[in-house]
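*Asks:* My questions concern the predicted model and sequence given below.
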Amino acid sequence: MSESNTPRLMAAAKEFNIGKETLVDFLVGKGFSKDDLKPTSKLTEDMYRSLQQEFSSDKAAKAKSDAIEIPKGAAAEVKKKKDEEEIVFKKESKKKAETPKAPEPPVEKVKIDAPELDGPKILDKIDLGALDNATRPKKSSKKKEPAPEVVEEPEKKPVEQEIERVKIEAPELEGPKIIGKIELAPETDEKGQSADEKRKRKRIPIEKKEAERQKPSIQKGGGAPQRQSGPRSGGPRVFKKNEVKEIDEKEIQNKIKETQAKLSGGGGSKPKITKSKLRRLKREEMEAGAEDAEGGNKVQVTEFISVSELASLLDVNFAEIISKCMSLGIMVSINQRLDAEVIELVAGEFGYEVEFIDMEKQMEMEEVEEVDEPEDLSPRAPIVTIMGHVDHGKTSLLDYIRNANVVAGEAGGITQHIGAYHVDLPSGKSITFLDTPGHEAFTAMRARGAKITDLAIIVIAADDAVMPQTREAISHAQAAGVPMIFAINKIDKDGANPQKIYEQLSQMNILVEEWGGKFQSQEIAAKSGLNIDKLMDKILLEAEILDLKANPDREASGTVIEATLDKGRGYVATILVQNGTLQQGDLVVSGQYYGRVKAMMNERNHRVDVIPPSSPVLILGLNGAPQAGEKFKVYEDESEAKDIANRRAQIMREQGIRTKKHITLDEIGRRLALGNFKELNIIIKGDVDGSVEALSDSLQKLSTQEIAIKVVHKAVGQITESDVLLATASDAIIVGFNVRPSLQANKIAEKEGVQIKLYSIIYNAIEEIKSAMEGMLEPKIEEKIVANVEIREVYKFDKATVAGCYVLDGKISRNNKIRVIRDGIVEYPKGEGQSAELGSLKRFKDDAKDVSAGMECGLTVKNYNDIRVGDVIEAFEETEVKRTL
């Protein structure tokens with residue numbers, strides 16, 4: 001948004017009371033560019049200053065006219081009546097003047113007719129006799145009736161006197177305001193009640209209201225309130241509508257504080273408000289716009305909100321939003337979603353600044369966290385993420401701690417998923433471990449692991465060095481503000497040098513305790529289990545310092561670690577409960593997906609019913625696979641959960657449609673200029689969402705100016721017939737990562753000729769796609785000079801010029817391409833990439849296929865005769881060289 005407070009062009013035209021064209025013509029005359037003067041464009045300070053200097057008088061006149069109060073009510077009616085009387089009087093006078101002469105002028109009829117006019121008494125006050133005497137000598141003496149010339153424009157002085165007299169009487173016309181004070185008999189109905197008595201509400205005393213509030217008792221199980229069986233004031237029970245009253249911002253804040261106090265256990269005898277109502281109230285307050293401390297006119301919105309939602313945010317009628325859009329040349333309906341530019345323009349018309357927030361922030365605003373009381377909190381297990389470079393021993397360390405061989409189950413011996421494990425120690429304490437991939441393609445996974453953890457263990461191999469992914473893991477942990485413990489692994493191997501690792505860490509401004517720093521470190525050997533117990537002690541010590549606590553007696557919330565589609569079980573999500581307790585049957589919402597928890601299993605596939613805080617669990621029951629790293633929350637109200645999930649799905653769908661890139665004329669021109677532009681369409685299917693995301697990002701990074709990789713579709717689950725049909729329509733190849741195609745999909749793929757590539761190791765997939773792209777590249781043409789031939793004699797004939805030559809080096813062949821070089825400059829053919837051909841090549845009288853160095857020959861150049869003694873013929877070959885990315 002611009003920092004200038006100058007108005008837009010249309011607003012300025014309205015402010016100075018001038019037309020748009022007048023304003024534009026004036027500014028163009030002042031030397032401003034007409035391209036900058038669109039109806040919706042903001043004026044610069046110089047433009048606005050020029051307008052103020054030129055049209056300040058028009059602005060003052062408009063302000064003056066706006067300040068004049070137009071008479072209303074009876075006074076206005078009297079004034080209108082008086083004007084009508086004067087017009088009627090003038091018309092009748094004119095008619096009488098035009099009628100033929102009567103033998104006897106009907107003076108008496110005029111007097112009789114006078115009462116028929118409304119308000120003639122006021123007109124009789126005008127001194128008509130004096131005016132008649134002044135004008136009669138100019139006209140016929142027989143004419144005695146008052147003629148229309150009585151009220152003549154040239155005679156200014158008498159009229160001015162009468163006008164002054166009318167002005168004196170003007171205060172009398174203001175009197176009709178008293179008419180409103182006439183008391184009329186009130187209309188009553190059969191019961192004798194007037195309409196005012198019906199509308200008038202009776203105020204209930206505060207004491208009585210408090211007593212009535214305490215009567216209904218709400219069941220603890222969330223059921224309906226019990227109906228009172230006793231009589232109520234001696235008559236039947238009457239249900240009254242809620243009283244409508246205006247609520248200001250301060251009152252809303254006070255009510256929120258009261259309800260939060262009740263929910264946290266400090267409530268009195270008043271009825272308890274449900275948490276869903278509290279969330280709704282808080283969300284509505286946030287949607288009303290988070291006003292900044294300075295101006296209070298800033299609204300926070302997500303892109304692609306509808307017209308009705310924008311109207312409620314700006315506190316205006318939706319019809320006003322539609323009219324503003326129409327004035328901008330945009331036709332919209334009440335439910336149509338607007339893009340960022342239109343939202344900004346429309347909000348600017350109403351004097352609001354717009355701050356766009358992403359979906360994550362919107363979700364945080366929707367999910368209002370209740371504050372836990374200190375007495376409700378209890379200690380929880382620390383969440384520890386193991387990070388580091390690939391093959392430095394992260395999973396081996398976790399294997400020893402868990403006493404299970406995880407590496408054997410990973411393809412290629414490298415971790416390609418985030419694994420979450422709960423470990424119970426002999427001391428009775430427990431730790432939750434997250435194992436992250438170390439391969440460079442899994443940057444997003446490492447970032448997610450750092451965000452949801454309490455503590456990070458950075459594993460570095462003592463026989464290696466601080467590698468790029470190690471540095472990246474350290475950066476993620478520092479960005480998330482997570483304490484780190486450095487585990488120097490493989491110290492039992494030959495060539496292990498922990499001091500070298502400490503030195504490299506010190507160059508990154510990280511000093512371990514052995515070097516006088518604040519970071520804990522431990523030298524270990526994951527395979528043999530050397531010093532693993534000391535590492536556990538340091539983890540527990542760090543957890544005690546952090547004083548980690550959670551409230552187990554509330555709805556669960558946490559983070560999605562991975563999500564996948566299982567053929568037999570449906571959508572399966574691995575989640576980490578960070579607060580509250582998750583139970584079977586709870587209603588979970590994560591991103592745009594929701595569902596009731598049908599079953600829960602731990603990492604060893606054992607069925608569980610209750611999951612406490614800081615525990616990973618695998619859940620079944622969601623209606624889709626949420627994105628890895630998405631927050632989840634348990635809701636009590638199913639309709640509210642559906643509403644939130646559907647609204648998020650609608651916004652994400654709108655974003656996908658609006659942000660879809662279509663080909664433009666500029667892009668077509670760029671491709672034509674390149675001449676050999678190609679596009680590789682890919683459909684990616686994977687076992688888990690995190691792997692699909694990592695593979696998609698890695699492949700898209702391979703795109704170049706000549707070859708673009710376009711991911712047509714990516715999803716989790718088996719390769720299906722619809723994937724193959726999509727690949728047929730879009731001419732794409734299907735990449736499967738740890739998944740297999742169904743039998744029907746295989747048959748269709750063979751029939752349609754669609755290629756399905758299956759991988760289980762991510763860098764194999766990246767390398768093969770890279771090779772395929774290199775095969776699509778046009779080969780590079782390189783020239784190789786094979787011979788230099790000097791011309792020593794020239795023989796000119798009628799049809800040709802023959803050069804007697806000596807081969808200086810190399811071997812010249814009959815089919816070689818040549819250039820004629822004179823004094824080191826290319827004489828023929830001129831131009832980059834041009835070449836000539838030999839007309840003939842002879843040795844003595846016979847045609848020769850090739851002539852080697854140190855031998856003489858005769859040759860002619862095709863279509864060129866201007867060869868001279870001393871020129872050099874350069875012979876070369878063109879070879880194709882495969883290009884690499």
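*Replies:* Looks like it came in fine.

*Asks:* which stretches of the stretch 651-800 of the chain form helices?
*Replies:* 665-674, 689-700, 721-730, 743-752, 762-776 (DSSP state H, counting those that start in this stretch).

*Asks:* Okay, buried residues for the fourth one please.
*Replies:* Going by neighbour count (16 or more other Cβ atoms under 10 Å), the buried part of helix 743-752 is 745, 748-749. The C-beta positions use only the backbone N, C-alpha and C, and glycine is treated the same way.

*Asks:* Same list (those) but as CSV, adding distance to residue 638 and pLDDT.
*Replies:* Compiled in CSV, the buried residues of helix 743-752 are given as follows (distance: Cβ to Cβ, whole Å; pLDDT from 0 to 100):
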residue, distance to residue 638, pLDDT
745, 36, 91
748, 39, 91
749, 41, 91
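
*Asks:* before we move on, back to that, got the helices of the stretch 651-800 of the chain as a markdown table, with distance to residue 473 columns?
*Replies:* Formatted as a markdown table, these follow (distance: least, Cβ to Cβ, whole Å):
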| stretch | distance to residue 473 |
| --- | --- |
| helix 665-674 | 38 |
| helix 689-700 | 15 |
| helix 721-730 | 34 |
| helix 743-752 | 38 |
| helix 762-776 | 18 |
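
*Asks:* quick one, which of the ones you listed is nearest to residue 458?
*Replies:* Between residue 458 and the helices of the stretch 651-800 of the chain, the shortest separation by Cβ to Cβ is 20.5 Å, and it involves helix 689-700.

*Asks:* Please identify the buried residues of that closest one?
*Replies:* 689-696, 698-699.

*Asks:* what's the neighbour count on residue 341?
*Replies:* If you count neighbours by other Cβ atoms under 10 Å, residue 341 ends up with 11.

*Asks:* cool, residue 810 as well?
*Replies:* 19.

*Asks:* That one: which element?
*Replies:* strand 801-813 (DSSP states H and E).

*Asks:* counting contacts, what elements does that strand pack onto?
*Replies:* Using 3 or more Cβ pairs under 8 Å, 6 or more residues apart in numbering; DSSP states H and E, the elements in contact with strand 801-813 are strand 780-796, strand 850-852, strand 856-861, strand 872-881.

*Asks:* which stretch among these comes nearest residue 590?
*Replies:* Using Cβ to Cβ, the nearest of the helices and strands packed on strand 801-813 to residue 590 is strand 780-796, at 49.9 Å.

*Asks:* That closest one versus strand 801-813: what angle between them?
*Replies:* 140 degrees (axes from the mean of the first three to the mean of the last three Cα atoms, to 10 degrees).

*Asks:* Just want the angle from strand 780-796 to strand 856-861.
*Replies:* 100 degrees.

*Asks:* Neighbouring strands of strand 780-796 in the sheet, and parallel or not?
*Replies:* For strand 780-796, the paired strands and their directions (DSSP bridges) are strand 801-813 (antiparallel), strand 872-881 (antiparallel).

*Asks:* still on that earlier bit, rebuild the buried residues of helix 689-700 as TSV, extending it with pLDDT.
*Replies:* TSV is the format used below for the buried residues of helix 689-700 (pLDDT from 0 to 100):
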residue	pLDDT
689	83
690	81
691	84
692	87
693	84
694	84
695	87
696	88
698	85
699	86
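
*Asks:* residue boundaries of the helices in the stretch 501-650 of the chain?
*Replies:* Under DSSP H, counting those that start in this stretch, the stretch 501-650 of the chain gives helices at 532-546, 638-658.

*Asks:* rank those helices by pLDDT, which is bottom?
*Replies:* The stretch with the lowest mean pLDDT among the helices of the stretch 501-650 of the chain is helix 638-658, at a mean of 79.

*Asks:* CA-only coordinates of that one in PDB, if you can.
*Replies:* What follows is helix 638-658, C-alpha atoms only, in PDB (Å, rounded to 0.1, in the frame of the first residue of the first chain):
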ATOM      1  CA  GLU A 638     -19.700 -31.300  14.000                       C
ATOM      2  CA  SER A 639     -21.400 -28.500  12.000                       C
ATOM      3  CA  GLU A 640     -18.700 -26.000  13.000                       C
ATOM      4  CA  ALA A 641     -16.000 -28.500  12.100                       C
ATOM      5  CA  LYS A 642     -17.500 -29.100   8.600                       C
ATOM      6  CA  ASP A 643     -18.000 -25.400   8.100                       C
ATOM      7  CA  ILE A 644     -14.300 -24.600   8.800                       C
ATOM      8  CA  ALA A 645     -13.000 -27.500   6.700                       C
ATOM      9  CA  ASN A 646     -15.300 -26.600   3.700                       C
ATOM     10  CA  ARG A 647     -14.400 -22.900   3.900                       C
ATOM     11  CA  ARG A 648     -10.700 -23.700   3.800                       C
ATOM     12  CA  ALA A 649     -11.300 -26.200   0.900                       C
ATOM     13  CA  GLN A 650     -13.200 -23.500  -1.100                       C
ATOM     14  CA  ILE A 651     -10.400 -20.900  -0.600                       C
ATOM     15  CA  MET A 652      -7.700 -23.400  -1.600                       C
ATOM     16  CA  ARG A 653      -9.700 -24.500  -4.600                       C
ATOM     17  CA  GLU A 654     -10.100 -20.800  -5.600                       C
ATOM     18  CA  GLN A 655      -6.400 -20.200  -5.100                       C
ATOM     19  CA  GLY A 656      -5.600 -23.200  -7.300                       C
ATOM     20  CA  ILE A 657      -7.900 -21.900 -10.100                       C
ATOM     21  CA  ARG A 658      -6.800 -18.300  -9.900                       C
END
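
*Asks:* What are the buried residues along it?
*Replies:* Per 16+ other Cβ under 10 Å, helix 638-658 contains these buried residues: 640-641, 644-645, 648, 651, 654.

*Asks:* Also stretch 813-825?
*Replies:* 813, 816-821.

*Asks:* any idea of the mean pLDDT for the helix or strand that contains residue 54?
*Replies:* For residue 54, the host element (DSSP H and E) is helix 45-67. Helix 45-67 comes out with an average pLDDT of 81.

*Asks:* Kindly report the same for stretch 597-614.
*Replies:* Throughout stretch 597-614, pLDDT has a mean value of 88.

*Asks:* what's the straight distance from one end of it to the other?
*Replies:* Using Cα to Cα, to the nearest Å, one end of stretch 597-614 lies 18 Å from the other.

*Asks:* picking up where we left off before, wait, which of the buried residues of helix 638-658 is closest to residue 753?
*Replies:* Of the buried residues of helix 638-658, the one sitting nearest to residue 753 (Cβ to Cβ) turns out to be residue 654, at 35.7 Å.

*Asks:* about what we covered before: save the buried residues of helix 638-658 as JSON lines, and put in distance to residue 575 too.
*Replies:* Putting the buried residues of helix 638-658 into JSON lines (distance: Cβ to Cβ, whole Å) gives the following:
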{"residue": "640", "distance to residue 575": "20"}
{"residue": "641", "distance to residue 575": "16"}
{"residue": "644", "distance to residue 575": "17"}
{"residue": "645", "distance to residue 575": "16"}
{"residue": "648", "distance to residue 575": "18"}
{"residue": "651", "distance to residue 575": "23"}
{"residue": "654", "distance to residue 575": "27"}
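
*Asks:* Which of those residues sits closest to residue 488?
*Replies:* Nearest to residue 488 among these, with distances taken as Cβ to Cβ, is residue 648, at 44.3 Å.

*Asks:* Nearest spatial neighbour of that closest one, chain-adjacent residues omitted?
*Replies:* Distances taken as Cβ to Cβ, 6 or more residues apart in numbering place residue 592 nearest to residue 648, at 4.4 Å, with adjacent residues excluded.

*Asks:* Tell me, how many residues neighbour that neighbour?
*Replies:* Counted with other Cβ under 10 Å, residue 592 comes out at 21.

*Asks:* next one: residue 471
*Replies:* 15.

*Asks:* quick one, phi psi at the nearest residue to it once chain neighbours are set aside?
*Replies:* Leaving aside its chain neighbours, residue 471 sits nearest to residue 508 (7.1 Å; criterion: Cβ to Cβ, 6+ apart). When quoted as degrees, to the nearest 10, the phi and psi of residue 508 stand at phi -100, psi 20.
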